[in-house]
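Undergrad: below: sequence and its predicted model.
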Amino acid sequence: MKVKLTIKESRCRCGYHHTGETYLVGDICPPICHELWHAAYPNIFALQNGASLDFGNQRDRKFEVRCPDQGRVVLVGEILETDLDKVKDGS
């Protein structure tokens with residue numbers, strides 16, 4: 001399953017990430033900084049393997065993580081809708 005990552009907010013100290021950027025995670029790591037990837041990867045792996053996660057007051061097939069550098073970058077990850085349809089249909 002593919003996970004779409006979106007930079008929801010960015011005050012990146014290095015200027016590497018910008019609000020609104022999106023990445024698609026399939027079989028390999030997208031070009032995001034290692035620290036942010038390290039924070040997000042456990043959630044990405046869980047979603048790719050069918051998990052639903054705590055998201056606010058509910059469970060959902062998405063997550064939000066903050067950069068370990070004082071939360072300067074906020075990343076939202078979610079299963080792509082086309083992949084959700086495949087899961088529901090059993091394909």
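TA: All right, it came through fine.
Undergrad: what is the burial count for the nearest residue to residue 80 once chain neighbours are set aside?
TA: Once flanking residues are discounted, residue 80 sits nearest to residue 2: 5.0 Å by CB to CB, 6 or more residues apart in numbering. All C-beta atoms are positioned from the backbone trio N, CA, C, and that covers glycine. Residues near residue 2, counting by other CB atoms under 10 Å, number 13.
Undergrad: who's in contact with residue 2?
TA: 24, 25, 26, 79, 80, 83 (CB atoms under 8 Å, 6 or more residues apart in numbering).
Undergrad: what about it, distance to residue 37?
TA: 16 Å (CB to CB, to the nearest Å).
Undergrad: same check, this time on residue 78
TA: In terms of CB to CB, residue 78 sits 17 Å off from residue 37.
Undergrad: local confidence estimate at the residue nearest in space to the middle of the chain?
TA: Most central in the chain under CA atoms, centre = their mean is residue 77, positioned 2.5 Å from the mean C-alpha point. On the pLDDT scale, residue 77 is placed at 96.
Undergrad: neighbours of the closest residue to residue 79 other than its chain neighbours, just the number please.
TA: Nearest non-adjacent residue to residue 79, counting by CB to CB, 6+ apart: residue 61, 4.6 Å away. Residue 61: 20 surrounding residues under other CB under 10 Å.
Undergrad: wait, residue 61 sits on residue 52?
TA: Yes - when contacts are counted by CB atoms under 8 Å, residue 61 is listed as touching residue 52 (5.5 Å).
Undergrad: please, which helix or strand holds residue 63?
TA: Using DSSP states H and E, residue 63 maps to strand 62-66.
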